[in-house]
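Undergrad: can't give you the sequence, but here's the structure:
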């Protein structure tokens, strides 16, 4: 899940891993900012799907959800499974 500020700028991502790490040590009322991954990877909306797949796989642990930002604001996201279903790989 993407986390944005008041101006819709992407400031973090809350992943299932972040939630798992928080379990048992965080209260439900604690701010998301305490547990999110800061400065997530994002791409521009005009990036080709094949290049997005390369960005997702270029890391030691591949990214399953890649955020799309336009003019500094969150515009959307693409999931690895969507690219695979579309036959990009």
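TA: That came in fine, so what should we check first? Every value quoted in this text rests on a predicted model; they were computed, and no experiment measured them. Residues are numbered from 1 along each chain as shown.
Undergrad: alpha carbons only for contacts and neighbour counts from here, please
TA: Fine.
Undergrad: what about the helices in this protein?
TA: Assigned helices in the chain, in chain order: 16-22, 49-57, 80-85 (criterion: DSSP state H).
Undergrad: give the buried residues for the helix or strand of the chain with the lowest mean pLDDT.
TA: Between all helices and strands in the chain, the lowest mean by mean pLDDT, DSSP states H and E belongs to helix 16-22, at a mean of 81. Residues residue 22 are the ones in helix 16-22 that count as buried (16 or more other Cα atoms under 10 Å).
Undergrad: go on, stretch 31-48?
TA: Within stretch 31-48, the residues that count as buried by 16+ other Cα under 10 Å are 35, 36, 37, 40, 41, 42, 43, 44, 45.
Undergrad: can you tell me what sits against it?
TA: Here stretch 31-48 makes contact (Cα atoms under 8 Å, 6 or more residues apart in numbering) with 10-15, 18-19, 22, 52, 66-70, 75.
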